[in-house]
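Q: Here is my input; please provide its structure:
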Amino acid sequence: MRTIKIKKNTNGDSRVATKVPTIDEFIRANHAHTREVEEMMSCISAKIAIRGASHDYTKRTEPHKSQFYRDLSNTIEGKMKFEEGEWVKHHYTAERHHLTRHCPEDVNLIDVLEMICDCVCAGIARSGEVRPLTLDSDILQKAVTNTAKLCEGMVILED
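A: Sure thing, here's the model as predicted:
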């Protein structure tokens, strides 16, 4: 995981400043903060891109690809209900974005974004509409907390 080096600097925040900074100190503090946030968001963006590229990998790799196709075919032919198939149970636990069916303990906002993107893309492509999306507030709060921990884990504070 890439680390972001952040220098200790109280010149941009009235809650922790020990003295009134000069205008130049204030400007430098603001610029440093903006660069640090940009770098962290770039790291998060890279994680989102990786997640997008690996989305639904259980439909593309064996043995799960064959299981998916068999369950899909059997469902279309009326031989079974898709939710009772072998593949879908594995898919819900293996892939992190099915938050209403199986929410990982370390759920984060990347998982939430993947769920939203999945539902929108699948809905529009398959039926022309997006079904209403809901997510339990406890899951969303846990995702916010875990994302903050993820971001904090990227940071190294320098004096």
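Q: okay, CA-based contacts and neighbour counts for the rest of this
A: Will do.
Q: which helix of this structure spans the most residues?
A: The residue-count maximum for a helix in the chain (DSSP state H) belongs to helix 23-54.
Q: any idea of the pLDDT on the most centrally placed residue in the chain?
A: Centroid check for the chain by CA atoms, centre = their mean gives Ile110 as the closest residue, at 0.5 Å. Ile110 carries a pLDDT value of 98.
Q: Quick check: it touching Ile48?
A: Yes - counting by CA atoms under 8 Å, Ile110 touches Ile48, with 6.2 Å between them.
Q: ok, the nearest residue to Cys103 once chain neighbours are set aside to Ile110 distance?
A: Of all residues not flanking Cys103 in the chain, Arg96 sits nearest, at 7.1 Å (CA to CA, 6 or more residues apart in numbering). Per CA to CA, to the nearest Å, Arg96 is found 9 Å from Ile110.
Q: And Tyr69, by the same measure?
A: For Tyr69 relative to Ile110 (CA to CA), the value is 28 Å.
Q: where exactly do the helices run in this protein?
A: Under DSSP H, the chain gives helices at 23-54, 64-76, 86-94, 109-127, 137-152.
Q: got JSON lines for these, with distance to Arg101 too?
A: Shown next, in JSON lines, are these (distance: least, CA to CA, whole Å):
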{"stretch": "helix 23-54", "distance to Arg101": "19"}
{"stretch": "helix 64-76", "distance to Arg101": "18"}
{"stretch": "helix 86-94", "distance to Arg101": "7"}
{"stretch": "helix 109-127", "distance to Arg101": "11"}
{"stretch": "helix 137-152", "distance to Arg101": "12"}
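Q: List just the one of those that sits closest to Ile6.
A: helix 23-54 (6.7 Å; CA to CA).
Q: could you give the angle of the longest helix of the chain to helix 109-127?
A: Relative orientation of helix 23-54 and helix 109-127, computed by axes from the mean of the first three to the mean of the last three CA atoms, to 10 degrees: 50 degrees.
Q: Centre of the chain to helix 23-54, how far?
A: 16 Å (CA atoms, centre = their mean, to the nearest Å).
Q: List the buried residues for that helix?
A: Residues of helix 23-54 classed as buried: Phe26, Ala29, Asn30, Ala32, His33, Glu36, Met40, Cys43, Ile44, Ile48, Arg51 (neighbour count, 16 or more other CA atoms under 10 Å).
Q: Now do that helix and helix 137-152, the angle between them.
A: Here helix 23-54 points in a direction 120 degrees away from that of helix 137-152 (the same axes, to 10 degrees).
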